[in-house]
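# return a 3D structure for these sequence lines:
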Amino acid sequence: MEQTKKLPEDSFEPLDVSNSLEREKIAAPSLNFLQDSWRRLKKNKGAVISLVLLIIITLVAFASIWVSPHDPTKQNPSYVNLPPRIPGLNINGFNGTAVVGGNRVDKYEAAKVPADVNYYLGTDGLGRDLLSRLLMGTRASLIIAFIAAILDLTFGVTYGLLSGMKGGRTDNIMQRILEILSGIPNLVVMILMLTILKPGMSSIIAAMVITGWITMARIVRAQTLKIKDQEYVLAATTLGESQGKIAVKHVLPNISGVIIVQMMFSIPSAIFFEAFLSFIGLGLTPPQASLGMLLSEGYKTFRFLPHLMWAPAIVLSVIMICFNLLADGMRDAFDPKMND
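Prediction:
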């Protein structure tokens, strides 16, 4: 039988308690829901670039209230339909020249425009600066879209939460009302509202809100029905918590990600509807401007003066694409399971 080999007592050293506690500490900081979502959103390069572009466009559009290249409503018959001219850029189409009768002529010189006066995107049929009107139109479109989205959020979330939390006959009646409203085409409702109300920004917003909140209400109601059967909600109900407090303290915070994503999708939809209504002549009235109105004015002379349509079309496309990419990124950030 083999003899057991004993190690000397000096081979053992007492464990340093301080080092042990240090090794057991959690190195990564604790993140809440929004911080964790932002960490995932930053990994999506398309969403981050879209967010930066939207911030820049919004800041420039609203800053033009105080600082604008020219007065966007001032008419100058002497400077009608001038092409773009950017100082230092000697490229045809951006140097103030245009082809007239087969020859390229300097339109600014022909119109006797001072050398220090430049219209970076040209002028329209009334001699108004297109860049200034583009900034004014972008601001108007964003204001309409954001206000309509906020009102959709308010009405939709309230209606959806109430319907989902009540359930039973109340939920059944409220959903039938939604089905009746959604059965009427949005475009028909908007056109009828705009023909009754006085044309303007408030009329467009009111026309959008009438049916725009239905999608938000249905999404919130579906999420509420899903959340209210969770264990922590049942525990709060057992402890005597009222339905109102449960909806605000437990249900609403857990569906906030879905609500934010849906709101981000509703903003470009509102911008598109405003542009469409203005394009067909039911939007803002002159001298106000919006992206849809600029498109409506530009397409009439697109073959001869393409710059009048290209500028608002590009800005509208960039805004729509950026909002959709940002909404996709936020959806993946708030709900990582969507990537699986």
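# buried stuff in the helix or strand containing Met136?
Using DSSP states H and E, Met136 sits within helix 130-166. Neighbour counts over helix 130-166 (16 or more other CB atoms under 10 Å) mark 130-149, 151-153, 155-157, 159-165 as buried. C-beta coordinates here come from the backbone N, C-alpha and C atoms, glycine included.
# hey, which helix or strand in this structure has the poorest pLDDT?
helix 17-23 (a mean of 57; mean pLDDT, DSSP states H and E).
# can you name every helix or strand that the helix holding Met136 contacts?
Contact analysis of helix 130-166 by 3 or more CB pairs under 8 Å, 6 or more residues apart in numbering; DSSP states H and E lists helix 45-63, helix 168-182, helix 201-212, helix 214-227, helix 243-246, helix 256-279, helix 291-299, helix 307-334 as its packing neighbours.
# low-confidence bits of the stretch 101-250 of the chain, can you list those?
Counting by pLDDT under 70, the stretch 101-250 of the chain has no low-confidence residues at all.
# redo that, cut-off 80
101-102, 184-200, 211 (pLDDT under 80).
# and the helix or strand Arg39 falls within, what does it pack against?
Under the criterion of DSSP H and E, Arg39 resides in helix 33-42. For helix 33-42, the packing partners by 3+ CB pairs under 8 Å, 6+ apart come out as helix 45-63, helix 307-334.
# redo that, cut-off 6 Å
helix 307-334 (3 or more CB pairs under 6 Å, 6 or more residues apart in numbering; DSSP states H and E).
# re the thing from before, pick the most buried one from the helices and strands packed on helix 130-166.
Comparing the helices and strands packed on helix 130-166 by mean neighbour count (mean count of other CB atoms under 10 Å), helix 291-299 ranks first with a mean of 23.
# restrict it to CA atoms and write it as PDB.
What follows is helix 291-299 as a C-alpha-only set of coordinates in PDB (Å, rounded to 0.1, in the frame of the first residue of the first chain):
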ATOM      1  CA  LEU A 291     -42.100  70.200 -49.800                       C
ATOM      2  CA  GLY A 292     -45.300  69.000 -51.600                       C
ATOM      3  CA  MET A 293     -46.000  72.500 -52.800                       C
ATOM      4  CA  LEU A 294     -42.500  73.000 -54.100                       C
ATOM      5  CA  LEU A 295     -42.800  69.700 -56.000                       C
ATOM      6  CA  SER A 296     -46.100  70.700 -57.400                       C
ATOM      7  CA  GLU A 297     -44.600  74.000 -58.700                       C
ATOM      8  CA  GLY A 298     -41.500  72.300 -60.000                       C
ATOM      9  CA  TYR A 299     -42.900  69.400 -62.000                       C
END
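# wait, Leu130 touches Tyr120, no?
No: applying CB atoms under 6 Å, one finds Leu130 not in contact with Tyr120, separated by 8.3 Å.
# pull out the buried positions in the helix holding Arg39.
Ser37, Arg40, Leu41.
# which residues does it contact?
Helix 33-42 has contacts (CB atoms under 6 Å, 6 or more residues apart in numbering) with Ala47, Gly329, Ala333, Phe334.
# could I get the helices and strands packed on helix 130-166 as CSV with distance to Asn76?
Shown next, in CSV, are these (distance: least, CB to CB, whole Å):
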stretch, distance to Asn76
helix 45-63, 23
helix 168-182, 48
helix 201-212, 26
helix 214-227, 45
helix 243-246, 60
helix 256-279, 24
helix 291-299, 16
helix 307-334, 16
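# please name whichever of these is nearest to Lys112.
Minimum separation from Lys112 across the helices and strands packed on helix 130-166 (CB to CB) falls at helix 307-334, 21.0 Å.
# helix 130-166 and the closest one, what's the angle between them?
Put simply, helix 307-334 runs at 30 degrees to helix 130-166, going by axes from the mean of the first three to the mean of the last three CA atoms, to 10 degrees.
# sounds good, over and out.
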